[in-house]
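**Q** sequence and predicted structure, then a few things I'm wondering about:
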2 protein chains.
Amino acid sequence: MPSYKLTYFDVRGLAEASRLLFHLAGVPFEDKRITFGDGSWEKLKDSTPFGQIPVLSVDGFEIPQSAAILRYLAKKFGFAGKTPEEQAWADAIVDQFKDFFGAFRQLIVAQRGGKSAEEIEKITSEVVKPAQESYFKILNGILEKNKSGFLVGNGITFADLVIAENIESLEKFGFFNASEQPKLSALREKVYTQPSLKSYLASRPDSQI
Amino acid sequence: MPSYKLTYFDVRGLAEASRLLFHLAGVPFEDKRITFGDGSWEKLKDSTPFGQIPVLSVDGFEIPQSAAILRYLAKKFGFAGKTPEEQAWADAIVDQFKDFFGAFRQLIVAQRGGKSAEEIEKITSEVVKPAQESYFKILNGILEKNKSGFLVGNGITFADLVIAENIESLEKFGFFNASEQPKLSALREKVYTQPSLKSYLASRPDSQI
């Protein structure tokens, strides 16, 4: 088996779905976590392929970009969808997440950049809320049609991991109310109750995102 | 061979890389183009999987999201990368484009939404320009290392199509100067001079994006 190392900040963020995937598949990996703000990242940045993390190293070969990493591992471990059509749908759902996250990221940037309460409220109402409404409508529509409770086919794929993690972050930011979203809550539950994830989920470092 | 239909607006936009891929592979498809503003889209919208286009229909089975469509076709037609590692890099480059496009889209939305010149200038200098600088640095770094002139391995992949098309749009918006970007210009040239694309490129409808 190759030697895998996944490097990211010490938060869930854009690496957590890949971390979950390693645990789901029972594949050992080095979960390399960089502390933000102590200069470690600045030292590492220029040596990464795109000047950003997460980066996956596979026997020293480096792959950047969270969704590319996740898709690569999902194909290796058998969680990418069972047919080309299932794979395309898992991809489409993750791309939809990325579109939504582009909107949500504007809020995070504004909050961390110390923008005024008024500007943050404007981004929330004009950008994040409309994007979230459309995103949740799409996800609920998929879960309505796909009777397995997972997003694609009849088993868990990397798309389920991405969406469950995103729901977790949205809840921590006050953008997700479990009682209003029974289907999405049930999806997160189905992911988080996978037996092979139990030990990691009970011990992982918590973070807002 | 399956019956393919690709539905999108009558612009290059998010469908053009897939259109190019069909022509590159010499695979027939229905290039269904919706006129914007005549009510056609409003009639179609609710019947699409995610309420958005492009949508690819494969013998009636529908796939949403531009990158998912493109990746599905690239795998079918042999333009997705020759190894899992090449595929991961093609994916990573397309994800990097999506990140950049998230920034660029803010400018398009502001322009079309009739925002003031001051607001457009603010988005350009604070959002688009920094995102573009980072994106071009990444692409140039890849082309520096990968001596084939393509972005991944020694042949054309769907990542080359996405980036060539994006360069075309950036040029039309005044964000790309060929003489300042010799490597990226050469990449576009390598894509646009593929013999199987010649006829389509000479006759396709032009659009700013």
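**A** Sure thing, it's come through. Numbers count the residues shown, from 1 in each chain, chains lettered A, B, ... in the order given.
**Q** pretty sure residue A:49 is in a strand, no?
**A** No - assigned with DSSP: H, G, I helix; E, B strand; the rest coil, residue A:49 falls outside any strand and is coil.
**Q** name the nearest residue to it, sequence neighbours excluded.
**A** The shortest distance from residue A:49 to any non-neighbouring residue, by C-beta to C-beta, 6 or more residues apart in numbering or on different chains, is to residue A:64 (4.4 Å). (Glycine included, C-beta is placed from N, CA and C.)
**Q** contact partners for that neighbour?
**A** A:48, A:49, A:50, A:52, A:54, A:55, B:92, B:96 (C-beta atoms under 8 Å, 6 or more residues apart in numbering or on different chains).
**Q** how close does the most centrally placed residue in chain A sit to residue B:18?
**A** The centroid of chain A falls nearest to residue A:162 when counting by C-alpha atoms, centre = their mean (3.7 Å). Residue A:162 is 23 Å from residue B:18, where distance means C-beta to C-beta, to the nearest Å.
**Q** again with residue A:156
**A** Residue A:156 is 28 Å from residue B:18, by C-beta to C-beta.
**Q** mind checking which of those two has more residues around it?
**A** Neighbours per residue, other C-beta atoms under 10 Å in any protein chain shown: of residue A:156 and residue B:18, the larger number sits with residue B:18, 27 against 23.
**Q** close enough to count as contact, that one and residue B:54?
**A** Yes - in this structure, residue B:18 is within contact of residue B:54 by C-beta atoms under 8 Å, at 6.8 Å.
**Q** picking up where we left off before, and the contacts of residue A:64, which is closest to residue A:115?
**A** Nearest to residue A:115 among the contacts of residue A:64 is residue A:52, at 22.8 Å by C-beta to C-beta.
**Q** list the residues that are in contact with both of residue B:18 and residue B:54.
**A** B:6, B:66, B:69.
**Q** quick one: pLDDT of the residue in chain A sticking out farthest from the centre?
**A** Most distant residue from the mean C-alpha position of chain A: residue A:118, 28.8 Å away (C-alpha atoms, centre = their mean). The per-residue pLDDT reported for residue A:118 equals 96.
**Q** I'd like the next helix or strand past the strand or helix carrying it.
**A** Residue A:118 is located in helix A:117-123, with elements delineated by DSSP states H and E. Going down the chain from helix A:117-123, the next helix or strand is helix A:129-145, by DSSP H and E.
**Q** contacts for that next one?
**A** By C-beta under 8 Å, 6+ apart, helix A:129-145 touches A:93, A:96-97, A:99-100, A:103-104, A:149, A:151, A:163, A:170, A:175, A:181, A:183-184, A:186-187, B:49-51.
**Q** and if we set it to 7 Å?
**A** Outside helix A:129-145, the residues within contact range by C-beta atoms under 7 Å, 6 or more residues apart in numbering or on different chains are A:96, A:100, A:103, A:151, A:163, A:175, A:181, A:183, A:184, A:187, B:50.
**Q** got CSV for these, with distance to residue B:142 and pLDDT too?
**A** Formatted as CSV, the contacts of helix A:129-145 follow (distance: C-beta to C-beta, whole Å; pLDDT from 0 to 100):
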residue, distance to residue B:142, pLDDT
A:96, 26, 97
A:100, 27, 96
A:103, 28, 91
A:151, 32, 98
A:163, 30, 98
A:175, 36, 95
A:181, 40, 98
A:183, 40, 98
A:184, 37, 98
A:187, 36, 98
B:50, 30, 97
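**Q** and those, which of them are buried?
**A** A:96, A:100, A:103, A:151, A:163, A:175, A:181, A:184, A:187, B:50 (16 or more other C-beta atoms under 10 Å in any protein chain shown).
**Q** nearest residue to the last one in space, please, no chain neighbours.
**A** Read it as residue B:50. Closest to residue B:50 by C-beta to C-beta, 6+ apart is residue B:64, at 4.3 Å.
**Q** is that neighbour in a bridge, and if so with what?
**A** residue B:55 (DSSP bridges).
**Q** model confidence at it, what's the number?
**A** In this model, residue B:64 carries a pLDDT of 98.
**Q** then residue A:174?
**A** pLDDT at residue A:174 comes out at 93.
**Q** that one in helix, strand or coil?
**A** Criterion first, three-state DSSP; result for residue A:174: coil.
**Q** that one and residue A:12, how far apart?
**A** To residue A:12, residue A:174 is 17 Å away according to C-beta to C-beta.
**Q** give me the more crowded residue out of these two.
**A** The residue with more neighbours, out of residue A:174 and residue A:12, is residue A:12; 22 against 8, by other C-beta under 10 Å.
**Q** report the contact partners of the more buried one.
**A** Contacts for residue A:12 (C-beta under 7 Å, 6+ apart) come out as A:165, A:207, A:209.
**Q** cool, residue A:33 as well?
**A** Residue A:33 neighbours (C-beta under 7 Å, 6+ apart): A:8, A:9, A:10.
**Q** packing partners for the helix ranked longest in chain A?
**A** As assigned by DSSP state H, the longest helix anywhere in chain A is helix A:84-112. The contact analysis (3 or more C-beta pairs under 7 Å, 6 or more residues apart in numbering or on different chains; DSSP states H and E) places helix A:84-112 against helix A:117-123, helix A:129-145, helix A:158-172, strand B:61-64, helix B:66-77.
**Q** for residue A:202, which of those is the nearest?
**A** Ranking the helices and strands packed on helix A:84-112 by their distance to residue A:202 (criterion: C-beta to C-beta) puts helix A:158-172 first, at 14.6 Å.
**Q** neighbouring contacts of the following helix or strand past the closest one?
**A** Sequence order places helix A:182-192 as the next helix or strand after helix A:158-172, per DSSP H and E. The contact list for helix A:182-192 (C-beta under 7 Å, 6+ apart) reads A:136, A:139-140, A:143, A:149-150, A:156, A:160-161, A:163-164, A:167-168, A:178, A:201.
**Q** of those residues, which pair is most distant in space?
**A** A:140 and A:201 (24.4 Å).
**Q** what's the domain layout of chain A?
**A** What automatic domain parsing lists as the domains of chain A is A:4-79+A:196-203, A:84-194.
**Q** make JSON lines out of those and add distance to residue B:132.
**A** Formatted as JSON lines, those follow (distance: least, C-beta to C-beta, whole Å):
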{"stretch": "domain A:4-79+A:196-203", "distance to residue B:132": "14"}
{"stretch": "domain A:84-194", "distance to residue B:132": "16"}
